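sequence first, predicted coordinates after that:
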Amino acid sequence: MGDAIVMQGITKTFGPKVAVRDMELRVPEGALYGFIGPNGAGKTTTIRMIMSIIFPDAGRISVLGRPSAVESKDRIGYLPEERGVYKKMRVGAFLKLIGRLKGMGGHDLDRRVRDWLERVDLGDTYRKRCEELSKGMQQKVQFIASVLHEPDLVILDEPFSGLDPVNMRLLRDLFLEQHRSGRTLIFSTHVMHQAEQLCDHIIMINRGNKVLDAPLAEIRSRFDPKTIVFEPLDVGRADVVGGLPGVRALSYVNGLHEVSLEEGAEATGVMRRIMEATPVTRIELRRPTLEDVFIDIVQQDEAGDLDEAQLRAELRDGAAEPTGAEA
Amino acid sequence: MMQKVFAVAAREFTSTVMTKAFVIGAFVIPGVFVAVIPLIVKMTAQAKSPPLVGTVAVIDRSGAAADAIREELSPAGLARRIAEGNEELQRIVQQFGGDFGPALDNPAVQAAMAQAFGEAPELTVEVLPPGTAPEEVQPRLKPANAGQEGSLVALAVIAPDAVERPPGAGAFGGFELFVRAKTDDRNIDHIRTGVRRAILAERYRIAGVNAAELGALTNVAVDRKEITDSGEARASTAELNMMLPFGFMLLLMMSVMVGGQYLLTTTIEEKSSRVVEVLLSAVSPMQLMTGKIIGQMGVGMVLLGVYASVGIAALSTFAVLDLITLDKIAYLVIYFVLAYFIIASLMAAIGASVNELREAQSLMGPVMLVIMLPYLFWLPITRDPNSTLALVLSMVPPMSPFAMIVRITSTEPPPVWQVWLSIAITAVAAYGCVWFAAKVFRVGLLMYGKPPNFKTLIRWVRMA
């Protein structure tokens, strides 16, 4: 199997700001890749360059074996982050227009549009105007627009933003179905746990740099656990844990006591000391989340000036929706 | 590749033309205007203003005109005046032995009077002593006194030498006319003409001149005809010769502007509704812009076609169709395409670089101003189509299409080499505009935030 996308030494600047720096990237055919990173990290810029919507200042890109996506646009499905519909156009007509722009034609097109609308529970909207649809419904229409022409490569930029849990699950199932039928899937998100639920492989981007490029399973095994979670039998005695050697901090989150380990502390040793200090009903070494991994990497990168709480909030979808292009 | 361009163009065209706003704006409103104008003209003609009933006072210091004035302002005098130059009426009056009094009851005479006056005025003439000072009488003319006993519509003061001049004097005297304010112009006209004719009639009589003979002697009939290429002779089209270039220019301007304006609006809409990146995932910016420009060119052509057909139909009903030759139509189409590409590409660039219509206004201002220049200068250009002003305007884009179409359709068309030179220059400019717009379009489409100034636009062009 070849590579669906290859990026070599890609750099893109907007005025004084470096949006993407010296990016090296390889996405094999049939893979399910997640681009993750906080807002403004360079995810959308990277994706736009893959789509040949903007062009890099330096470096080479190959998409589906061609030097530019312009030549293979009809084989790519793209759900942009900045997505919209023609407000006055009817849903069916809009999807057929996008289909035609993707090189489809004939009676087949109309049938496929109707099939897809049925599949996402929008069968009765064929003749409605796009502006009459809710935001979530519009998002489903846009998703159809990106996969209607049965592309080999599907790129979804922040596909879940603004969706309710029901539609999020529906959309996620549709992605996985696309993936199972052998398509290469890339999606970007600033919400780490979404990537954790979906991807085989993670590309982490921060401030225009690729900081991590590894399969999800490998990430989990590579990064040492840094957190121990426990429930003390006697809640009043939990505080003594804070003074134990190897413990950097003790906090109480969602009904559980969380112990952050000091750099270099041995996890099993600390666990044993906690159990000696206070009887527990439950204690476990928590698997590092992508969020932890990300924070860890960023901390190594730029020790000091980092607001961890704010960054964590951003990575948990607490941050405001991104507005405007990263230009 | 072309399939995508046409898909964009087809959407652009149908989404513009298939709206109520377009149909109403482009066809219904002008249609209603065209249908209503003759109706209004007819209604105004038929509208009967209430007849003017009142008294005209005369201070006749010449002592010779009063009776003639009384006769002229009577209904019979009125009828006679209308009958001059109206053979049909004269024929009817002949049946009454030339006497207008009894002829007044004839429906044809009444109809003619009604057409001239609405309801014919009913005037009484009050002759005042020659020594009366006008100031004494003037208060009776105040509009506030209208309808009251002794009120006046007008006061004519005839000069002593109005009918007979002293020996050796060159000019005759005239008369002063005081009228009540707020009196219908048509009625004042009627009174003035009546007094004037009465004085003239007396002068002729005293001089022993036969008035009819004098009229015949001084009247020289001119019947101007034009010989067309087909050898046919017809009435002069002098006014049309002035209006035709204006019509052509207006048609060109309108069709170009409407297409350009729609292009601006749809581009801004695509950008602000964020549909543009969805489109860009399927087509290149160049394909998108080309498709949009072609689609709106279709809109402009529909307008051009419809209005040109109406114009041609109008000209052919007046049998002056030969004023429009095939080459003029061909030039119109060529200049439409060139002017359209210049304006449309600028509009596409402006639309792509702003976020909303309001921000576009400041960028559009200069473009509009330059394009409107030929509109301001059409009269001098038509009057002297080969002046330096006309030559310069018809060579410098973006004014050139409009100025040159005025020259081409004027009575003195420019030499063919000038036309083709202008077309060549304009084509180069159109190419430049499209090139510029393509760059701005590509960069601008995905730029949100502060609308660019001119310097930023130049930077974008360098960037793309």
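Cool, the structure landed.

so which residues on the stretch 51-200 of chain A come close to chain B?
Taking CB under 8 Å from any CB of the partner chain as the contact definition, the stretch 51-200 of chain A meets chain B at A:51-54, A:70, A:73-74, A:76-78, A:80-89, A:97-98, A:100-103, A:105, A:142, A:145-146. C-beta coordinates here come from the backbone N, C-alpha and C atoms, glycine included.

pop the domain breakdown of the chain in here.
Using chain A. What the record gives for chain A is the domain set A:3-221, A:224-286, from automatic domain parsing.

let's do chain B instead
If you go by automatic domain parsing, chain B breaks into B:54-211, B:237-463.

span of the shortest one from start to end?
Domain B:54-211 has an end-to-end distance of 30 Å (criterion: CA to CA, to the nearest Å).

give me the mean pLDDT for that domain.
Domain B:54-211 shows a mean pLDDT of 81.

which residues of the stretch 201-350 of chain B lie near chain A?
For the stretch 201-350 of chain B, the residues in contact with chain A (CB under 8 Å from any CB) are B:269-270, B:273-284.

pick the most buried one from the domains of chain A.
Among the domains of chain A, ranked by average contacts under mean count of other CB atoms under 10 Å in any protein chain shown, first place goes to domain A:3-221 (a mean of 19).

can you tell me the average pLDDT over that domain?
Mean per-residue pLDDT for domain A:3-221: 88.

quick check: which element contains B:Met301?
helix B:285-317 (DSSP states H and E).

secondary structure class for residue 105?
Assuming you mean chain A. coil (DSSP: H, G, I helix; E, B strand; the rest coil).

chain B was what I was after
coil.

surely A:Glu262 and A:Leu250 touch.
No: the criterion here is CB atoms under 8 Å, and A:Glu262 misses it with A:Leu250 at 11.9 Å.

name the helices or strands packed onto the longest helix anywhere in chain A?
Criterion DSSP state H: the longest helix present in chain A is helix A:165-180. The helices and strands touching helix A:165-180, judged by 3 or more CB pairs under 8 Å, 6 or more residues apart in numbering or on different chains; DSSP states H and E, are helix A:135-147, strand A:153-157, strand A:184-189, helix A:192-198.

the same query, at a cut-off of 10 Å, please.
With contacts defined as 3 or more CB pairs under 10 Å, 6 or more residues apart in numbering or on different chains; DSSP states H and E, helix A:165-180 has these neighbours: strand A:32-36, helix A:107-119, helix A:135-147, strand A:153-157, strand A:184-189, helix A:192-198.

tell me how far that helix is from the chain's mean position?
14 Å (CA atoms, centre = their mean, to the nearest Å).

next: stretch B:388-402.
For stretch B:388-402, the distance to the chain centre is 24 Å (CA atoms, centre = their mean).

what's the average pLDDT for it?
90.

between the two ends of it, what distance do you get?
16 Å.

from memory A:Glu131 sits against A:Lys88, does it?
Yes: contact criterion CB atoms under 10 Å: A:Glu131 and A:Lys88 qualify, at 6.8 Å.

which residues do these two both contact?
Residues touching both A:Glu131 and A:Lys88 comprise B:Ser273, with contact defined as CB atoms under 10 Å, 6 or more residues apart in numbering or on different chains.

what about A:Lys96, which helix or strand?
For A:Lys96, the secondary-structure element it belongs to, assigned by DSSP H and E, is helix A:91-101.

what is that helix packed up against?
helix A:107-119, helix A:135-147, helix B:2-17, helix B:276-280, helix B:285-317.

CSV for those helices, including distance to B:Met253?
Shown next, in CSV, are the helices and strands packed on helix A:91-101 (distance: least, CB to CB, whole Å):
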stretch, distance to B:Met253
helix A:107-119, 40
helix A:135-147, 39
helix B:2-17, 19
helix B:276-280, 29
helix B:285-317, 11
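
quick one: B:Arg140 from B:Leu152, how far?
4 Å (CB to CB, to the nearest Å).

what touches both of the two?
What both B:Arg140 and B:Leu152 touch, as defined by CB under 10 Å, 6+ apart, is the set B:55, B:57, B:126, B:178, B:180.

closest residue of the stretch 101-250 of chain A to chain B?
As assessed by CB to the nearest CB, chain B sits closest to A:Leu101 within the stretch 101-250 of chain A, at 3.8 Å.

so which residue is smack in the middle of chain B?
B:Met243 (8.4 Å; CA atoms, centre = their mean).

most surrounded residue in the shared contacts of B:Arg140 and B:Leu152?
Scoring these on neighbours with other CB atoms under 10 Å in any protein chain shown, the highest-scoring entry is B:Ala57 at 23 neighbours.

my read: it touches B:Arg140, true?
Yes: with contact defined as CB under 10 Å, B:Ala57 counts as touching B:Arg140 (7.4 Å).

overlap in contacts, these two.
By CB under 10 Å, 6+ apart, the residues touching both B:Ala57 and B:Arg140 are B:126, B:150, B:152-153, B:155, B:178.

any idea of the mean pLDDT in stretch B:250-268?
pLDDT averaged over stretch B:250-268 gives 90.

flag every buried residue along it.
Neighbour-count burial for stretch B:250-268, counted by 16 or more other CB atoms under 10 Å in any protein chain shown, picks out B:250-253, B:255-268.

so which of these sit within helices?
B:250-253, B:255-268.

what angle sits between the helix or strand containing A:Gly59 and strand A:153-157?
Using DSSP H and E, A:Gly59 sits in strand A:58-63. Orientation check (axes from the mean of the first three to the mean of the last three CA atoms, to 10 degrees): strand A:58-63 against strand A:153-157 gives 120 degrees.

give me the residues contacting strand A:58-63.
A:2-13, A:20-27, A:46, A:49-52, A:55, A:67-73, A:75-76, A:153, A:155.

how about 8 Å then?
A:3-11, A:22-23, A:49-50, A:52, A:67-69, A:72, A:76, A:153 (CB atoms under 8 Å, 6 or more residues apart in numbering or on different chains).

put the alpha carbons of it into CSV.
The C-alpha atoms that make up strand A:58-63 are tabulated as CSV, following Å, rounded to 0.1, in the frame of the first residue of the first chain:
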residue,chain,number,x,y,z
ALA,A,58,8.5,25.8,0.9
GLY,A,59,8.4,22.0,0.7
ARG,A,60,6.7,19.4,-1.4
ILE,A,61,3.2,17.8,-1.1
SER,A,62,1.9,14.6,-2.7
VAL,A,63,-1.8,13.7,-2.5
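
whichever helix or strand comes after that strand pairs with which strands?
Downstream of strand A:58-63, the next assigned helix or strand under DSSP H and E is strand A:76-79. Taking DSSP bridges as the criterion, strand A:76-79 sits next to strand A:153-157 (parallel) in its sheet.

residues from the stretch 1-150 of chain B in reach of chain A?
B:3-4, B:7-8, B:11, B:15.

for those residues, which one is nearest chain A?
B:Ala7 (4.2 Å).

tell me who's in contact with the closest residue to A:Met137 other than its chain neighbours.
Excluding the flanking residues, the one nearest A:Met137 by CB to CB, 6 or more residues apart in numbering or on different chains is A:Leu122, at 6.2 Å. By CB under 8 Å, 6+ apart, the contact set of A:Leu122 is A:91, A:133, A:137, A:140-141.

against B:Tyr204, how distant is A:Leu122?
Taken as CB to CB, the span from A:Leu122 to B:Tyr204 is 94 Å.

same check on B:Thr218?
In terms of CB to CB, B:Thr218 sits 12 Å off from B:Tyr204.

for B:Ala314, same thing?
Remark: distance between B:Ala314 and B:Tyr204 (CB to CB) = 46 Å.

neighbour-wise, which of those two wins?
Neighbours per residue (other CB under 10 Å) separate B:Ala314 from B:Tyr204, with B:Tyr204 holding more: 16 against 13.

which SSE is the more buried one in?
For B:Tyr204, the element it lies in under DSSP H and E is helix B:185-207.

coming back round to it: tell me what angle the helix holding A:Lys96 forms with helix A:135-147.
30 degrees.
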